[in-house]
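> coordinates for the following, if possible.
(2 chains)
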Amino acid sequence: MDEAELLRLAQRGDLDAFNGVVLAHQTRAFNVALRVLGDGEAAADATQEAFLSAFRNLRSYRGGSFRAWLLRIVTNACYDELRRRKRRPATSLEDLGPETEDGEPEVEAWLASTADGPERLSERTELVHAIQDCLDRLPDEFRIVAVLADVQGYDYDEVSSAIGKPLGTVKSRLARARARLRDCLQRHGELLPAAFRLHGEASS
Amino acid sequence: MTRLSRLPPRDLEALSAYADGRLSPVERQPMDARLQEDPALRRALDEIRATSALLRALPSVRPPRSFLLTPEMAGVRRRWLGYPALQLATAMATLAFFVTVGLDVFAPVAGSMAFRAVAPSEEMAMQAPAPQSALPTEAGAAALEAGAVSAEAETAVPAATATEMSVADAVHESASNAPPSLGPSEHASRDVPGVGGGGEPPPAPVEAATPPPSAPLAESGAATLPSCEACGGDQLLPAATSAQKVAGEAGTPGAEAMTLEQPAALTPEAFALETQAQMEPAVEVPLPAGVPMVRWLEIGLAGAALLLGGLSLWARRKTG
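The predicted structure is shown next:
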């Protein structure tokens, strides 16, 4: 059964059909939330919240790209979580302080990729940590655009509809996010794989 | 080394969009020319591309758990079709229980009026058709009619299936039918309400209209109170005690005949005895006649309400 058919059934209240759609989108949705929030547990909660909200508001989905429609809901769930953190600065300060020590073991689990050998894995893990760290330092609205456009590869129009801002805003935020990330990543130069050695590539 | 963030914002945006192939042809040509001439700009473009590529290379992480929605989360409940009916039945049984308890409380007052009401309406009782001929649909209205006619009503009430719902229906029906069901003599006497009757205030219309299956005398008396007043309160005859006794006996078999599903049911014997009691001349003493039956009814209704409530909860848990 294709997605359109599942969605039609889900709109009539068929939860099993909707769960079929959840299965197809949950990894992508979770990864968006993970990169935006930088915390696996919060990302899982936001993703769950987003699917619940999607099911409840499924009537407002009127065809078109479900992926883009869902992306907007996931993005909103992330914004909600970010706002919650701002309202409770005490907990988020705790998170920020010992970030590189305490936060590590938990994050490790989300970042581990089993495709590589042990030594490459640790290298990779460090690189991934460096990238996530740089993402975390971005202002929220820049980070969301960078995650959607670069990490997840959504096109400008999808990002624009997801954050509810015009294309021009997307372009400008993405450009500034990239510039800041580039500056941040230069500090982790030794971690960057040869293919991504920015200086060498540029000067040769 | 150039820092990307030091680039003029316009150039940075243009390069970023250029890297993604999102510059319009009109914007692209001048940018191509500038890139040819400016190695710093070329380097900046490469850095943007490399940064973007690095982000895209972030591994996709497997979610720690599945986000499938359970019916509880989604608030979806596969309801059993009979569930609403069960809920309604529970509500009705509870309502009937409280109505009965309420009437039980008011029964002594109403009862005394009932027997005063019997005498003036006695002639109507003589003209009343055979009780069995009463139509079930008339049950509610009939239950409210004058004392003698109430004999007819009592046959009708058991005929009207007498479930909790029909009891409640009868209550409503009789409430709405109450005024029209009063005889001509009552209409005349209604002009002088609250007179006589030993100074007791006439019962509230709702109470009068509510037919407690176990206390038919009381209710019929309440309905016909004005007529009684019109005829004067001095129609008391010495047969009071015997009537009381007969009615008391009538109550007991009726209570036994009662089941959970048929709280309003009266056995034929009970009916006959009560009819006889109605035919007896008036009595003034408040009768405890209906009391044992009321108790049984209360117990029965309370039991029914509890049972139905328990069933509802069980059904809810099972289907939820």
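
> what's the pLDDT at residue B:1?
Looking at residue B:1, its pLDDT reads 49.

> check the gap between the one residue sitting closest to the centre of chain A and chain B for me.
The residue lying closest to the centre of chain A (CA atoms, centre = their mean) is residue A:32, at 2.3 Å. Counting by CB to the nearest CB, to the nearest Å, the gap from residue A:32 to chain B is 11 Å. All C-beta atoms are positioned from the backbone trio N, CA, C, and that covers glycine.

> and that residue, what element?
Following DSSP states H and E, one finds residue A:32 within helix A:15-37.

> packing partners of that helix?
Packing contacts for helix A:15-37, counted by 3 or more CB pairs under 8 Å, 6 or more residues apart in numbering or on different chains; DSSP states H and E, involve helix A:3-11, helix A:40-56, helix A:66-87, helix A:140-146, helix B:71-74.

> out of these, nearest to residue A:173?
helix A:140-146 (4.3 Å; CB to CB).

> what is the subsequent helix or strand relative to the closest one?
Scanning onward from helix A:140-146 (DSSP H and E), the first element met is helix A:156-163.

> pull out the buried positions in the following helix or strand past that following helix.
Proceeding N to C from helix A:156-163, the next assigned helix or strand is helix A:167-186, under DSSP H and E. Residues of helix A:167-186 classed as buried under the neighbour-count rule (16 or more other CB atoms under 10 Å in any protein chain shown) are A:170-186.

> of those residues, list those near chain B.
Contacts with chain B within the buried residues of helix A:167-186, as defined by CB under 8 Å from any CB of the partner chain: A:171-172, A:174-176, A:178-183, A:185.

> count of residues packed around residue B:104?
Residues contacting residue B:104 under the criterion other CB atoms under 10 Å in any protein chain shown number 19.

> can you check residue A:135 too?
24.

> same check, this time on residue B:17
By other CB under 10 Å, 23 other residues sit near residue B:17.

> try the one 10 residues further on
Counted with other CB under 10 Å, the neighbours of residue B:27 add up to 13.

> nearest spatial neighbour of it, chain-adjacent residues omitted?
residue B:14 (6.7 Å; CB to CB, 6 or more residues apart in numbering or on different chains).

> helix, strand, or coil at the one you found?
At residue B:14 the chain is in helix, as set by DSSP: H, G, I helix; E, B strand; the rest coil.

> that one contacts residue B:26, correct?
No - applying CB atoms under 8 Å as the test, residue B:14 and residue B:26 come out as separate, 11.9 Å apart.

> the two: who's more crowded?
Shown here are residue B:14 and residue B:26; by other CB under 10 Å, residue B:14 has more neighbours (23 against 7).

> show me the contacts for residue A:68.
When contacts are counted by CB atoms under 8 Å, 6 or more residues apart in numbering or on different chains, residue A:68 touches A:158, A:161-162.

> which one of the residues you listed is nearest to chain B?
Nearest to chain B among the contacts of residue A:68 is residue A:158, at 12.8 Å by CB to the nearest CB.

> residue A:11: neighbouring residues, count only.
Neighbour number of residue A:11 under other CB under 10 Å is 16.

> so what pLDDT did the closest residue to it other than its chain neighbours get?
In space, and not counting its chain neighbours, residue A:11 is closest to residue A:58: 5.1 Å by CB to CB, 6+ apart. pLDDT recorded at residue A:58 is 94.

> kindly report the same for the one 5 residues further on.
Among the per-residue scores, residue A:63 holds a pLDDT of 85.

> next: the one 10 residues further on.
According to the model's per-residue confidence, residue A:73 sits at a pLDDT of 96.

> could you do residue B:312 as well?
At residue B:312, pLDDT is 84.

> tell me the spacing between it and chain A.
23 Å.

> for the residue nearest to residue A:11, grab the count of nearby residues.
17.

> quick one: it and residue A:6 touch, right?
No - Residue A:58 is not in contact with residue A:6 according to CB under 8 Å; the separation is 10.9 Å.
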